[in-house]
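Visitor: I'd like to go over a predicted model; first the sequence, then the structure.
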Amino acid sequence: MISHNKPTLGQREVIAAKRVINSGWVAQGREVVAFEDEISDFFGLDSRSAVVVSSGTSALFLALWVLQSKGSRVGVPVYSCSALRNAVEMAGAIPIYIDCKEDSPNSDLNAEQVSMIDILISPSMYGIPIDVQSNRSYKVIEDLAQAFGAKENGERIGLRGEIGICSFYATKIITSGGQGGVVFSNDINLIDEIKDYREFDNRRDEKIRFNFQMTDVQAAIGREQLSQFSTFNQKRDEIFSIYKSAGLNLLDCNNTKNTPVRYRAVLRVKKPKIIINRLKTYGVRAIVPIELDELLDDSVSYKNAEYISRHTVSLPIYPDLDNNIAKKISQVVTDIKQ
């Protein structure tokens, strides 16, 4: 079966992990510091401007914590991962759910709910950069779990708010070996507070802290992945272009100032199950990216999110996917009459 998504790991990552294991130090250490500095450089920040942690959810929780979100109203896209809701509730904040735009999986920042919020969690869904409003009354956490490396006006996104976060889960743009995340910011004071929170052991004060640390094994794998970002990104572009050139109606970036990363190839269709079942007969796994019952709030109707949930299919796209397989997938889909 051709996977819908999978990590791209090879000998470089194996060698890096072995190097750390053979060093005798596998917990948080030099590799973590080096990874943090390399991520800082990736975003054009000074060294020490990033802090790597145990998961993307941990990163989001820490961003909410450092922005003192307890009791605050936090804007959460209803069309997104449950980890966002979980982090908000863990931080003691109040989620305010926001529908997506009619022509995009990203949040509609003109929705009336936005006027109610103190903080916005702002993911760029499927690698399509969200347009962050510069004239706003709320703080912004940019979530790059699906858009690591995307650009606006030639500059990497992630720094248009107070703080940025990203997940390095197994099937993200890059991975630190299965789990991991990062928080980064132009405000070094926020980063220093988070690092202090993460350093939980052998402290002499009464301050509550928690173990959100990444291991050196994970960091070494993450460093190898980061060094291959351009190669991975180019291959994702190739596969997305194969689908587009076949005439597939994919969700895409409508703003010419933005450069997306191709985390997902999401097809607009009338009947998703027909596509999914037909591809399955060819040994290809496709999915509905966010099912209707996975929307984060079912207490009221969210017209745009519900429509996208009912009318989209996510096709395989990852660096290890053979271009000929992508062409075959395109042919199978175009042969289906809807």
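Guide: That came through fine. Numbering: from 1, shown residues only.

Visitor: tell me the secondary structure for Q218?
Guide: Of the three states, Q218 takes helix under DSSP: H, G, I helix; E, B strand; the rest coil.

Visitor: That one: how many residues sit nearby?
Guide: Here the number of neighbours of Q218 (other Cβ atoms under 10 Å) works out to 26. (Glycine included, C-beta is placed from N, CA and C.)

Visitor: Now do the same contact list for it.
Guide: 168, 176-180 (Cβ atoms under 8 Å, 6 or more residues apart in numbering).

Visitor: try it again with 10 Å
Guide: When contacts are counted by Cβ atoms under 10 Å, 6 or more residues apart in numbering, Q218 touches 17, 20, 26, 28, 31-32, 35, 52, 54, 168, 175-180.

Visitor: got it, and N211?
Guide: 28, 53-54, 58, 198-201.

Visitor: Keep only those of those that are in strands.
Guide: Those of the contacts of N211 mapping onto strands are V53, per DSSP state E.

Visitor: Buried among the contacts of N211? Need that as a selection in ChimeraX.
Guide: To isolate the buried ones among the contacts of N211 in ChimeraX, judged by 16 or more other Cβ atoms under 10 Å, type:
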select :28,53,54,58,198
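
Visitor: related to what we said a few turns ago, from the contacts of Q218, list the buried ones, please.
Guide: Here, 16+ other Cβ under 10 Å leaves 17, 20, 26, 28, 31-32, 35, 52, 54, 168, 175-177, 179-180 buried among the contacts of Q218.

Visitor: Just the ones of these in strands?
Guide: Among the buried ones among the contacts of Q218, the residues falling in strands (DSSP E) are V52.

Visitor: now the closest residue to V288 other than its chain neighbours: how far from V78?
Guide: The shortest distance from V288 to any non-neighbouring residue, by Cβ to Cβ, 6 or more residues apart in numbering, is to P272 (5.2 Å). Taking Cβ to Cβ, to the nearest Å as the measure, P272 falls 19 Å from V78.

Visitor: which one of those two has more residues nearby?
Guide: Per other Cβ under 10 Å, whichever of P272 and V78 has more neighbours is V78, with 25 against 22.

Visitor: measure V332 to I221 for me?
Guide: For V332 relative to I221 (Cβ to Cβ), the value is 34 Å.

Visitor: more neighbours, the two?
Guide: I221 (28 against 16).

Visitor: Mind telling me what element that one is part of?
Guide: Using DSSP states H and E, I221 falls within helix 216-227.

Visitor: Mind listing what's buried along that helix?
Guide: 216-226.

Visitor: With pLDDT and distance to L45 as extra columns, can I get the residues you listed in JSON lines?
Guide: Formatted as JSON lines, the buried residues of helix 216-227 follow (pLDDT from 0 to 100; distance: Cβ to Cβ, whole Å):
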{"residue": "D216", "pLDDT": "98", "distance to L45": "22"}
{"residue": "V217", "pLDDT": "98", "distance to L45": "25"}
{"residue": "Q218", "pLDDT": "98", "distance to L45": "21"}
{"residue": "A219", "pLDDT": "98", "distance to L45": "18"}
{"residue": "A220", "pLDDT": "98", "distance to L45": "21"}
{"residue": "I221", "pLDDT": "98", "distance to L45": "22"}
{"residue": "G222", "pLDDT": "98", "distance to L45": "17"}
{"residue": "R223", "pLDDT": "98", "distance to L45": "17"}
{"residue": "E224", "pLDDT": "98", "distance to L45": "21"}
{"residue": "Q225", "pLDDT": "98", "distance to L45": "19"}
{"residue": "L226", "pLDDT": "98", "distance to L45": "14"}
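
Visitor: The residue nearest to L315 when sequence neighbours are not counted: neighbour count?
Guide: Sequence neighbours aside, A265 is the residue nearest to L315 in space, at 4.5 Å (criterion: Cβ to Cβ, 6+ apart). Counted with other Cβ under 10 Å, the neighbours of A265 add up to 27.

Visitor: For A265, which residues are in contact?
Guide: 126-127, 236, 239-240, 242-244, 248, 250-252, 286, 289, 313-318, 326, 329.

Visitor: can you tell me how far it sits from R48?
Guide: Distance check for A265 against R48: by Cβ to Cβ, it reads 37 Å.

Visitor: swap in C100?
Guide: Going from C100 to R48 by Cβ to Cβ gives 36 Å.

Visitor: Those two: which has the busier surroundings?
Guide: Neighbour count, other Cβ under 10 Å: between C100 and R48, C100 has more, with 27 against 14.

Visitor: Next up, the contacts around the more buried one.
Guide: For C100, the contact set (Cβ under 10 Å, 6+ apart) comprises 77-80, 106-108, 111, 125, 130, 290, 295, 302-309.

Visitor: For F232, which non-adjacent residue is spatially closest?
Guide: F232 sits nearest to P319 (Cβ to Cβ, 6+ apart), 4.6 Å away.

Visitor: Might one say that G247 is in contact with D335?
Guide: No - counting by Cβ atoms under 10 Å, G247 does not reach D335; the two are 11.7 Å apart.
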